[in-house]
Structures are given as C-alpha cells and as structure tokens.
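Asks: can't give you the sequence, but here's the structure:
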C-alpha cells in the first residue's frame, strides 16, 4: 500500500493541476473551473479560477438531495457543562441552516458581506457559519469570550454588516456573559454592525439593545428558508484572525473552492474517515481546527461530527473523553496533545478508561502543539490504537505533514509528524537560505505554490501577506517553525524559529529538551525556553507540571530532570535550572505562551495576550521565576 502515498505525493508535486483537478471531480460544481491553478499573479496563486460552487451545498444539500442520505446524523452536540445531548440529521441541519440564511438575508446580508460569529461550542455556531456560506457571505468566527478590545479590532478590520452572538459561554466553574463584551466592543469600534442577532441561553439572559438586537428564536420562527447561492471558487468563505494578534490583526482568508477540494480529500486520505464513520475533533469553532474539522471537512465527506462543549478534565472528570467515545461510537478523534497531558496528569494510570467500552475507536490524531513522545506513548499504551501526530497552522488550514492513514501507515517515529502530505513540498533551509543536509536544523519552509485550502492572502492586504509569509525565502512559504528532515524523509518540527536558542554559539532546540523532561515519570507537561545570559547569550530554563498524586520531594525531581537533559543532549545545552509549577500559561486552544514567559524571565514588559485562558497563571510564573533567580515578581 506504500505506493498509494508515494504515487499521490509524487504527482501532487510534479503535476499539481492534474492531481487536484482529479480530486475536485468528487465535489459538486455549478460551473467547472477554467483553470485548476492560476499562477498569473505570482507569488499569489489561485485555485479553480472560473469555477462556481457553494460550500454549504457541498456540506449539506448534496448529501440530502443527491445522495439520499438526509437521515444520516450530521452533528452530535454533547455538552457535559449543560447536561445536553442533541443530534441533527443532515436534512434537519440543512433546514435549520436554510432558515437562518433567510434570517440573514432579511437583514440585507448578501454575497460578499461579512458576518462575525461570537459564540461558544453550540450547534447554532455551526448553523450561523453554514448559513453565511449558503448565501455567499463571509463569516469571521471570533472565539467566544474574547475581550472587548480584541473583538473591536476584528470588527474594525472585517466591517461586518451583522454580528451573531450567544448570550453566554459556560466554563468549568463559571458562566461568561458574552453580550456585555460585544456591546463594549461595538462602542469602541469605529465600524458598527447594522444588527446583532442574539441567541439567548438559559444560563444567562442578555439585555437587548433596542433597534440593534434581534432575538434568534423570534427571527427563526418567522424566517423563510433560502437556497444556496453559487459563488466563485476564489471568493472568500471566511476570515480567521490569527491568535495573539495585537494592533492591526492578520485576517487569514480561506477561499471556497480550494478549501472544499482539499478538506474533503483529506478526511479519507489523512484521517481514514468515510461517510459512515463518527469523527470527533475536540476543539472549538473559534480556532482553525473547529472550522476545518468540526464543521466543514466532516460534513463535506458526509460523516458524523461530534460537537463537544466541555473540557478534557473537570466536566465532570478525566473520563469524559472515554464516555463520549463509548456513547457515540467514535471511530477517530483529533485534539491537542495538551488535552491528553491534562488527562494523564489527573489519571496517570488510565484507570478511568476501563469504565467504558471504546472498542469502536481506531485512531487518535494529535496537533496544535508539538506532540511529545511521552504523551504519544501514554496514549498508545492505554488506548491500544495508533497515535498520529500532524503538523499544521491557522494559515495552512489543514495538515502540512502527517502519517496519511488512508494512504499508508508508516512506522511512527516519536517526535515526528511523519512525512509531507501530498501537495506539500516541505524543505529545510539553512542560515544562508540553502537546502539543509538531512538531520540539519533550519527553517522549515514549503515550496510554492501552496496546495489548495491554504490562505491565498490576508484580508484586503496582499502586501502584508507577501511580506509576512513569502518575502524572507523567495519562492517559499515561511512556516516560522524550525526543524529538520531525516534521511528517510520524516519531518521533525522542533520549535518556532524564535525558540531555537543560541547557547555559547551552539544552536539548540528547546523542543528537544522538552522531550527529555516530558519523559520523566513524574512530569505531566513541561516547557523549556531560553533566557538572556551575559556569558552564554542564552541559557535554557525548564518548567515542569507534575502528575496528580506525586508526593516526592520536588528538589529530587528537578535534579533528576536536569541530569536527564545533560545525559541525553549533553553539557553543551547548559541546562542547569528547572522549577516545578502548578500550571503553565496557555491560550484557550491549549498552546503554551512561551513568548510571554520568556519576556517575564528577561524582565521585559509584556501585555496579557488576548487568547490567554487564565491571566492568573502569569503571576504564578513571575513568582516561580523569581524563586530560581530570574525575573522580579511584580506587585
């Protein structure tokens, strides 16, 4: 079966037009494309120019009207935070989406208009997204609970005609009211929406603004369903602002045609999911994973997608993932490794897994952060399924490198997301922008053109797109990740480019050191970053979160961890300092805020990132760093 991957990869690189043109035949088109790949405006490329289609039709109507699969379950909403489980068939979901598209149309929303969606993980978020796609409007989902100032910058950039909002989101121990945040954002934004459509949840009822706000339920009761509007393949489907953006945000644009073709193909080729399978991406529609693999790709494929409103621990315990897999007969799951690290910390022996029948489960996919070998091995040992790392970004929209389980299952090498996915010509460039030798760490780049489904540009800013991604390495897309490719073609993503630290002239990866720390039996998760040092330029510091129930002396664990790094990487790493912390500062999507921690350690001013999950973790980090002689804790 190896040649399935090899043949696909070779053709996708040597003749991308033939490869993607054939893949596109599996999608519904109102008008076939004139050109598969339009390179007339290099370095900006367009896919399927001249083609006309509709993403909502391909996600819903196609399965109902042309495949006769309207009774198939499209979405299972499972919300342990509210005790709710609700299932939508493809026909029922299509009808809800068509009605909400009618609500938007009644407010004057037409093809090309922008609609901001500010909602938690409830089915209405997917309904709003698909309703926009149905009428050719461009949706921009902003993670529910984002601060008013950050929401305002996105309103100013996208200039939405309408904003769709829920009254609140529900966290493990609190209810977050969204409407006051939205009202404040509108107040401080120079761009004002014409209307806000508010979905009232019983946990918190929003106060409505007369003349501005429309009640979701009331509007739906009077709505007339509307049909899909054909759009150009090159028309934007959505804008997604990159996390942590300050000042002028970077709005990643996703087109309609290339996105449909690549994502539908990826479900089987990468994730081995067919139309009779149950798929669960445990993320949020506020992030790219939620767009690509909760809403669009599974519905394009005709499979069932789990819509989960909860956390891996605390809703109610570290067994919630196994309960959902068992109850809904989940076949494959995709989530961030940080979720499994949280479960491992609470239930190191995996005892809760034994309470559930997870025999339906075939494969676990991890992405979002580097998947450390310890987390992969823990998951393999306790779940008895392949655990597959894959690497991608908000900008790319789908995996750059992965073990493509629908084409060929390569042997797993811990620390590597395996090989470049068909369509992705991944290379490593050294400090002189020359191709690096196998095993040599450098900048990970992708040779242009990028495959379909990736960002064609930034929202109304081609110049910034070229400057940010295409100018440093002409002819290549800059991933801003560092790593290497071994002599068998396996890609190793070691760190963000700025996480390669220079210790007394030696270029070292903090990611490699994290792998070692994570291998300590008492460590649940960790982070390593470089801090300024007058003698060596930079030196690494390690932060470790211990497994629940560990009673050993912390100083012994720290000594062992330091010695492990010295043994495996060598004295050249100059790894001498580590400390134990209760938790690490993270974004709501689970990424560790390494850049912010580094600024704290170097005693530099920092602003609290908009995407942070709990700002109190920064104060804890200041105190931990002061304890080991870095950073002065602020009052």
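Replies: Arrived safely, thanks for sending. Quantities reported herein were computed from a predicted structural model and do not represent experimental measurements.

Asks: got the domain boundaries for this structure?
Replies: Under the assignment automatic domain parsing, the domains of the chain span 2-310+392-484, 504-627.

Asks: same list (those domains) but as CSV, adding distance to residue 374 and mean pLDDT.
Replies: In this view, the C-beta of every residue, glycine as well, is placed from N, C-alpha and C. Output for these, formatted as CSV (distance: least, CB to CB, whole Å; pLDDT from 0 to 100):
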stretch, distance to residue 374, mean pLDDT
domain 2-310+392-484, 9, 95
domain 504-627, 4, 85
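
Asks: which residues of the stretch 451-600 of the chain fall in strands?
Replies: Here the stretch 451-600 of the chain has its strands, by DSSP state E, counting those that start in this stretch, at 476-485, 491-496, 500-503, 506-509, 523-533, 537-546, 577-580.

Asks: Serialize those strands to CSV and add fields for distance to residue 360 and mean neighbour count.
Replies: Formatted as CSV, those follow (distance: least, CB to CB, whole Å; neighbours: other CB atoms under 10 Å):
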stretch, distance to residue 360, mean neighbour count
strand 476-485, 34, 22
strand 491-496, 31, 22
strand 500-503, 41, 19
strand 506-509, 38, 19
strand 523-533, 28, 23
strand 537-546, 32, 22
strand 577-580, 38, 20
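
Asks: a markdown table for those, including distance to residue 50?
Replies: Below are the strands of the stretch 451-600 of the chain laid out as a markdown table (distance: least, CB to CB, whole Å):
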| stretch | distance to residue 50 |
| --- | --- |
| strand 476-485 | 25 |
| strand 491-496 | 34 |
| strand 500-503 | 43 |
| strand 506-509 | 45 |
| strand 523-533 | 48 |
| strand 537-546 | 52 |
| strand 577-580 | 58 |
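
Asks: among the ones you listed, which is nearest residue 351?
Replies: strand 523-533 (15.6 Å; CB to CB).

Asks: which helices and strands does the closest one pack with?
Replies: If you count contacts as 3 or more CB pairs under 8 Å, 6 or more residues apart in numbering; DSSP states H and E, strand 523-533 packs onto helix 337-346, strand 500-503, helix 510-518, strand 537-546, helix 594-601.

Asks: got JSON lines for the ones you listed, with distance to residue 560 too?
Replies: What follows is the helices and strands packed on strand 523-533, written out as JSON lines (distance: least, CB to CB, whole Å):
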{"stretch": "helix 337-346", "distance to residue 560": "18"}
{"stretch": "strand 500-503", "distance to residue 560": "21"}
{"stretch": "helix 510-518", "distance to residue 560": "10"}
{"stretch": "strand 537-546", "distance to residue 560": "11"}
{"stretch": "helix 594-601", "distance to residue 560": "22"}
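
Asks: relative to residue 19, which of these is closest?
Replies: Between residue 19 and those, the shortest gap by CB to CB is with helix 337-346, which sits at 30.9 Å.

Asks: ok, residues contacting the closest one?
Replies: For helix 337-346, the surrounding residues in contact (CB atoms under 8 Å, 6 or more residues apart in numbering) are 282, 311-313, 317-318, 321, 366, 368-372, 375-376, 378-379, 389, 524-525, 545-548, 586, 590-592.

Asks: so what strands line up beside whatever helix or strand comes next after it?
Replies: Using DSSP states H and E, the helix or strand that follows helix 337-346 in sequence is strand 363-366. Taking DSSP bridges as the criterion, strand 363-366 sits next to strand 332-335 (parallel), strand 387-391 (parallel) in its sheet.

Asks: let me know which of the helices and strands packed on strand 523-533 is the nearest to residue 476.
Replies: strand 500-503 (17.9 Å).

Asks: do a quick rundown of the strands in the stretch 251-400 of the chain.
Replies: Ranges of strands within the stretch 251-400 of the chain are 251-255, 278-281, 304-308, 332-335, 363-366, 387-391, based on DSSP E, counting those that start in this stretch.

Asks: tabulate these (a markdown table), appending distance to residue 431 and mean neighbour count.
Replies: Converted to a markdown table, the strands of the stretch 251-400 of the chain look like this (distance: least, CB to CB, whole Å; neighbours: other CB under 10 Å):
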| stretch | distance to residue 431 | mean neighbour count |
| --- | --- | --- |
| strand 251-255 | 28 | 24 |
| strand 278-281 | 37 | 24 |
| strand 304-308 | 43 | 24 |
| strand 332-335 | 35 | 24 |
| strand 363-366 | 31 | 22 |
| strand 387-391 | 22 | 25 |
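
Asks: now distance to residue 518 too, for the ones you listed, in a markdown table please.
Replies: Formatted as a markdown table, the strands of the stretch 251-400 of the chain follow (distance: least, CB to CB, whole Å):
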| stretch | distance to residue 518 |
| --- | --- |
| strand 251-255 | 30 |
| strand 278-281 | 24 |
| strand 304-308 | 26 |
| strand 332-335 | 17 |
| strand 363-366 | 13 |
| strand 387-391 | 14 |
